[in-house]
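> Sequence plus predicted model, see below.
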Amino acid sequence: MYELKTKENDRSVIEFIESVDHPKKREDAYKLLDIFTDTTGYPAKMWGTSIIGFGSYHYKYDSGHEGDAPLVGFSPRKAKHSLYFAPGDTQREDLLKNFGKHTTGKACVYINKVDDIDIEVLKKLIQAAVSFLKETYPDHE
């Protein structure tokens, strides 16, 4: 049976951010922490060893696979910051057109630094992802 590795835990978000080597990345992580906290209204929690998540939802796929995940989150990785938004959110692509310098993966949006993006669009991306997941998984809380 597959066991999800990325689970919410009691590790300190601040200690994790303080462990980020690069000073600018650490500074950006604190900016993202403030933006995600203010926008979601949820406290920051560590998920696994390197993801800072906000809120949570329980998903169950047709395959039977199920688990818990943060509604939104980010991780200050060595190369880029990974921002986690809901895959499947129909507003995401439109919002990303005005987001600023970024690349995308299936569930992640990658940025080099906070100065490269539009903060108001980031807030809209966060709000859209949270709304989408609350509608898709109404029993998440």
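The structure has been received and is ready for your questions.

> Look up the closest residue to residue 43, ignoring the ones flanking it.
Nearest residue to residue 43, sequence neighbours excluded (CB to CB, 6 or more residues apart in numbering): residue 37, at 6.9 Å. Using the backbone N, CA and C atoms, a C-beta is placed for each residue, glycine as well.

> how far does stretch 67-75 stretch from start to finish?
End-to-end span of stretch 67-75 (CA to CA, to the nearest Å): 20 Å.

> can you offset everything so residue one is 53?
In the new numbering, first residue 53, that becomes stretch 119-127.

> Contacts for it, please.
56, 58-60, 81, 84, 88, 92, 94, 97, 99, 102-111, 133-138, 178, 181-182, 185-186, 192 (CB atoms under 8 Å, 6 or more residues apart in numbering).

> Buried only: go through these for me.
In these, burial by neighbour count holds for 58, 81, 84, 88, 92, 94, 97, 99, 103-109, 133-138, 178, 181-182, 185-186, counting by 16 or more other CB atoms under 10 Å.
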